[in-house]
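>>> sequence first, then the predicted structure, then my questions.
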Amino acid sequence: MRKILPPWSVLLLHFVASAALASEREKLSVRPILISEHPDDETHRIYVKGQVVTTLRFDRPVEPENTKMIGWEGRLEPLSVVRNKVILEPLHDLNADEAIPLVVRLVDGTEVPFLLRPPGRDEWARTDQQVDIFEDQESHAALRAALTQALKRNGALTEENERYRKEETSEDHALAALLASGAVAQTPFMIADHFSGKDDDAEVDATVFQGKGKAAVVFTVKNLHAENAWSVQRVRLVTKDSSHDRAIAVRATAREITSGGSGRVALVADGSAFVDDGMLTSLWLELYRHDGLRQAFVQLDPALIAR
């Protein structure tokens with residue numbers, strides 16, 4: 001059994017976490033914005049991330065001399081305009097409360113205001129890599145982009161609803177909910193190991209459980225950040241040798257842990273997850289927090305399911 005977050009490995013974990021973000025950056029994120037003429041409509045947000053290029057693509061040329069950001073110095077590279085495109089590149093991540101105004105002037109005199117913001121925590125506020133902006137809402141390109149976006153969201157919601165339906169009747173999710181609530185005595189698990197560690201933003205205690213045909217891990221997280229909330233972005237369970245993804249049930253006591261607060265994240269893996277090509281294998285359990293960094297990892301051995 002390998003320990004997570006021992007003091008000597010905190011820095012290594014952050015280096016590994018940064019590398020893990022590369023695959024996320026390679027996924028192209030494109031979304032459309034239809035410009036409304038209604039004066040009460042909210043200024044559109046553009047979600048930017050440090051050292052990731054964001055391109056705003058308009059349906060007509062942009063005037064470079066009248067396209068400006070306010071208070072960008074030290075936060076972004078100078079913007080550049082190439083015909084109908086505005087190119088932005090933050091030097092580093094913006095703070096959660098930062099908002100940088102941007103006004104783009106088109107050749108027809110139209111001025112379009114935006115706010116540059118760090119990515120939000122919900123699914124629709126991911127980092128923007130390309131934003132297609134349409135002033136003519138009735139154009140073929142605008143209508144096609146809006147339809148594509150609507151179909152994508154509908155498909156994602158359908159998948160999410162199906163996942164929730166399956167989780168309602170899942171034994172593993174029920175066990176994870178009991179573990180997260182602290183009702184260990186109501187589960188078939190026994191403690192196999194316990195260890196802890198911390199970095200600048202969080203202190204993590206982890207308890208590994210063994211059971212007949214199942215294994216579990218409970219993370220107790222204390223948020224040490226002075227301002228930002230802590231939450232789980234994603235969890236990965238992969239085979240140690242072949243890196244094949246495995247299913248895992250996840251339950252948490254809260255969606256977010258506020259500054260100074262604590263919460264639990266419980267995870268349950270079925271014994272079938274340990275089988276790879278007919279052989280028992282060890283698994284890596286990885287916990288990624290809200291900013292994409294890998295907060296913790298645990299090696300789970302097949303012996304955990306043999307009780």
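Nice, I can see it.
>>> ok so Asp172 is a helix residue?
Yes - judged by DSSP: H, G, I helix; E, B strand; the rest coil, Asp172 forms part of a helix.
>>> enumerate every residue touching the nearest residue to it once chain neighbours are set aside.
Once flanking residues are discounted, Asp172 sits nearest to Ala249: 3.6 Å by Cβ to Cβ, 6 or more residues apart in numbering. Any C-beta I mention is one placed from the backbone N, CA and C, and that applies to glycine too. Contacts here follow Cβ atoms under 8 Å, 6 or more residues apart in numbering; on that basis Ala249 touches Glu167, Ser170, Asp172, His173, Leu175, Ala176, Leu267, Val268, Ala269.
>>> for the residues you listed, which one is nearest Leu91?
Closest approach to Leu91 among the contacts of Ala249 (Cβ to Cβ): Leu267, at 36.1 Å.
>>> helix or strand: which one has the closest one?
strand 262-270 (DSSP states H and E).
>>> kindly report the same for Leu115.
According to DSSP H and E, Leu115 maps onto strand 111-117.
>>> and the angle from the following helix or strand past that strand to strand 111-117?
Using DSSP H and E, the next helix or strand after strand 111-117 towards the C-terminus is strand 130-134. Between strand 130-134 and strand 111-117, the angle comes out at 150 degrees (axes from the mean of the first three to the mean of the last three Cα atoms, to 10 degrees).
>>> got the CA positions of strand 130-134 in CSV?
Output in CSV follows, covering the C-alpha atoms of strand 130-134 (Å, rounded to 0.1, in the frame of the first residue of the first chain):
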residue,chain,number,x,y,z
GLN,A,130,-12.3,29.6,-29.2
VAL,A,131,-15.5,31.7,-29.0
ASP,A,132,-17.4,32.3,-32.2
ILE,A,133,-19.3,35.6,-31.8
PHE,A,134,-22.2,36.4,-34.1
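>>> list the neighbouring strands of it plus their orientation.
strand 30-34 (parallel), strand 54-58 (parallel) (DSSP bridges).
>>> buried residues in stretch 244-262?
Arg246, Ile248, Ala249, Val250, Arg251, Ala252, Thr253, Ile257, Ser262 (16 or more other Cβ atoms under 10 Å).
>>> for the closest residue in space to the last one that isn't next to it in sequence, what are its contacts?
It refers to Ser262. Using Cβ to Cβ, 6+ apart and skipping the chain neighbours, the partner closest in space to Ser262 is Lys222 (4.6 Å). Residues in contact with Lys222, defined by Cβ under 8 Å, 6+ apart, are Ala202, Glu203, Val204, Ile257, Gly260, Gly261, Ser262.
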